[in-house]
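# prediction below, plus the sequence it came from.
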Amino acid sequence: MRPVADYSLYLVTDRPACLGRDLLDVVGRAARAGATVVQVREKSCQTREFVELARALKNLLDSLGLPLIINDRVDVALAVGAAGVHVGQKDMAASDVRALLGPDRILGLSVNTFEEARAAEALDVDYLGVGPVFPTATKADAGPVFGVDNLARLRAATRRPLVAIGGIGAANAEAVAAAGADGLAVVSAICSAPDPGAASAQLLAAIRRGRNRMI
């Protein structure tokens, strides 16, 4: 049975952004204070190291009842029994990922245009990662800025859960949630925060305020 995830505060890991602190400590503090799902993203480490890190994170998150998503690497997700995988437009095709994962794991797909979002309607994916909503320095190959207005337009055009990403922090989280995002994905806003737990709680409060503005 496929896990049911709460995408509200979606932490994407970045070890350099942790500023020398232990990633498990940063994730643990964030998860206990408000993060609802964690994606581990490692673009440069070797496979064995990635598996060991992912397994440690899964053990931590299992103890808190939260899902672990693996960025791109289907093999790592299967090796550690992660809840799912997230892929981009240049990664393995979502249909191939689903075939490898089977029906019981979460699959997320990044989209940067309305055309990509429309194409995703025919795919067996659980949510769309939309962005970058704002300019971001975290991801070097991020596409053109999508913007809050386009996010609201996409919200009106699809029933798929939307996870907004790109340049999101405490100052704009409420507006992004008010535009209809089901979740806000953040990297440096938590990983680089002096207190990852306090930052997570602040972001989750902003998300809730934004949702109240939609009512």
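Thanks, I have it.
# flag the shaky bits of this structure, pLDDT-wise.
Using pLDDT under 70 as the threshold, the predicted model of the chain has low-confidence ranges 138-142, 215.
# need the helices for this protein, in chain order.
Along the chain, the stretches classed as helices by DSSP state H are 23-33, 47-64, 74-80, 94-101, 114-120, 148-157, 173-178, 188-191, 196-214.
# which residues does the longest strand along the chain contact?
When the chain is scanned for its longest strand (criterion: DSSP state E), the result is strand 106-111. Contacts made with strand 106-111 from outside it, assessed by Cβ atoms under 8 Å, 6 or more residues apart in numbering, are listed as 2-3, 5, 67, 69, 83-89, 94, 97-98, 101, 117, 120, 123-131, 163, 165. Every residue, glycine included, has its C-beta placed from N, CA and C.
# of these, buried ones?
If you count burial by 16 or more other Cβ atoms under 10 Å, the buried members of the contacts of strand 106-111 come out as 5, 67, 69, 83-88, 94, 97-98, 101, 117, 120, 125-131, 163, 165.
# narrow those residues to those in strands?
Under the assignment DSSP E, the buried ones among the contacts of strand 106-111 contribute 69, 84-87, 127-130, 163, 165 to strands.
# roughly how far apart are L64 and A181?
Here the criterion is Cβ to Cβ, to the nearest Å. By it, L64 lies 23 Å from A181.
# who's more crowded, the two?
The neighbour count for L64 versus A181, taken as other Cβ atoms under 10 Å, is higher for A181 (31 against 12).
# which residue, other than its chain neighbours, is closest to the more buried one?
Distance criterion Cβ to Cβ, 6 or more residues apart in numbering; nearest residue to A181, sequence neighbours excluded, is A164 at 4.1 Å.
# quick one, what contacts H86?
H86 sits next to 39, 69-72, 107-110, 129 when contact means Cβ under 8 Å, 6+ apart.
# now do 10 Å
Residues touching H86, when contacts are defined by Cβ atoms under 10 Å, 6 or more residues apart in numbering, comprise 10, 12, 39-41, 69-73, 77, 97, 106-110, 125-127, 129, 163, 185.
# check D104 too.
By Cβ under 10 Å, 6+ apart, the contact list for D104 reads 1-3, 83-84.
# what does D75 give?
With contacts defined as Cβ under 10 Å, 6+ apart, the neighbours of D75 are 47, 50-51, 85, 100.
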